[in-house]
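S.K.: prediction below, plus the sequence it came from.
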Amino acid sequence: MMCGMGFGERWRNWMMNCICTPELSVLVNGSPTAEFGVEKGLRQGDPLSPFLFNIVTEGLSSLFLKAYDLGLVRGATFGEEVHITHLQFADDTILFLKPRFDYLCNARRILRCFELASGLRINFHKSCVAKVSKYGNTEEVWANAFNCKKATWIPILTLAYLWERIRVQRLFGFLYLTASRKD
């Protein structure tokens, strides 16, 4: 992933060594300290964690963009040129999907591929489905398909209000997902 994003070999090697090497040294006033042992991998609070997590979730973003290009998912449309299938912030992802069962199934497949490729796991028990559209009763079906809760609130009321005001297509639902490491 880092190679595809343009990171050089030297940088990629540094990151790999930080994660895979059980001994590290730090610079104190410009001089390296003696090496000390650490556990392999990243831990909560590690300053590299958010950076590397964002690189990994770029893969999820790429999967949804490719799925959109192939017509496998459709999300919110603003005007004629702006199409949104997902938004990401930190370790949260909001999916915008038009309420069609094939889009739901394809989104579920994309998330499963992401889990297998990244080693991360979507925590569907912390996730929920919210209906933004006035039409249909799809949130129950979607919540069951994703094994998550049906929201009794809309997390982004301001956007829902704006969509109503500017008469954007409103026939879509969305999922709010949180990823966590596999145990």
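M.R.: Here it is on my side, so go on.

S.K.: tell me the SS of the spatially most central residue of the chain?
M.R.: For the chain, the residue nearest the mean C-alpha position is T93 (4.2 Å; Cα atoms, centre = their mean). Using DSSP: H, G, I helix; E, B strand; the rest coil, the structure places T93 in strand.

S.K.: my guess is it contacts T57. True?
M.R.: Yes: judged on Cβ atoms under 8 Å, T93 makes contact with T57 at a distance of 7.2 Å. Just so you know, the C-beta spots here come from the backbone N, C-alpha and C atoms, and that holds for glycine as well.

S.K.: can you give me the buried ones in the lengthiest helix in the chain?
M.R.: Longest helix of the chain, by residue count under DSSP state H: helix 48-69. Buried residues in helix 48-69, counting neighbours by 16 or more other Cβ atoms under 10 Å, are found at 52-53, 56-57, 59-61, 63-64, 67-68.

S.K.: can you check stretch 9-29 too?
M.R.: For stretch 9-29, by 16+ other Cβ under 10 Å, it's C18.

S.K.: avg pLDDT for that stretch?
M.R.: Stretch 9-29 shows a mean pLDDT of 81.

S.K.: CA atoms of that stretch as PDB?
M.R.: Taking Å, rounded to 0.1, in the frame of the first residue of the first chain, the C-alpha atoms of stretch 9-29 are listed here in PDB:
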ATOM      1  CA  GLU A   9      11.800   2.300  -0.100                       C
ATOM      2  CA  ARG A  10      13.800   4.000   2.700                       C
ATOM      3  CA  TRP A  11      10.700   5.200   4.400                       C
ATOM      4  CA  ARG A  12       8.900   1.900   4.000                       C
ATOM      5  CA  ASN A  13      12.000   0.100   5.500                       C
ATOM      6  CA  TRP A  14      12.000   2.500   8.500                       C
ATOM      7  CA  MET A  15       8.300   1.700   9.200                       C
ATOM      8  CA  MET A  16       8.800  -2.000   8.800                       C
ATOM      9  CA  ASN A  17      11.800  -1.900  11.200                       C
ATOM     10  CA  CYS A  18       9.700   0.100  13.800                       C
ATOM     11  CA  ILE A  19       7.000  -2.500  13.700                       C
ATOM     12  CA  CYS A  20       9.000  -5.700  13.300                       C
ATOM     13  CA  THR A  21      12.300  -5.100  15.200                       C
ATOM     14  CA  PRO A  22      12.100  -6.000  18.900                       C
ATOM     15  CA  GLU A  23      14.900  -3.600  19.800                       C
ATOM     16  CA  LEU A  24      14.900   0.200  19.300                       C
ATOM     17  CA  SER A  25      17.100   3.200  20.100                       C
ATOM     18  CA  VAL A  26      16.000   6.800  20.400                       C
ATOM     19  CA  LEU A  27      17.800  10.100  19.900                       C
ATOM     20  CA  VAL A  28      18.300  12.100  23.100                       C
ATOM     21  CA  ASN A  29      19.800  15.600  22.400                       C
END
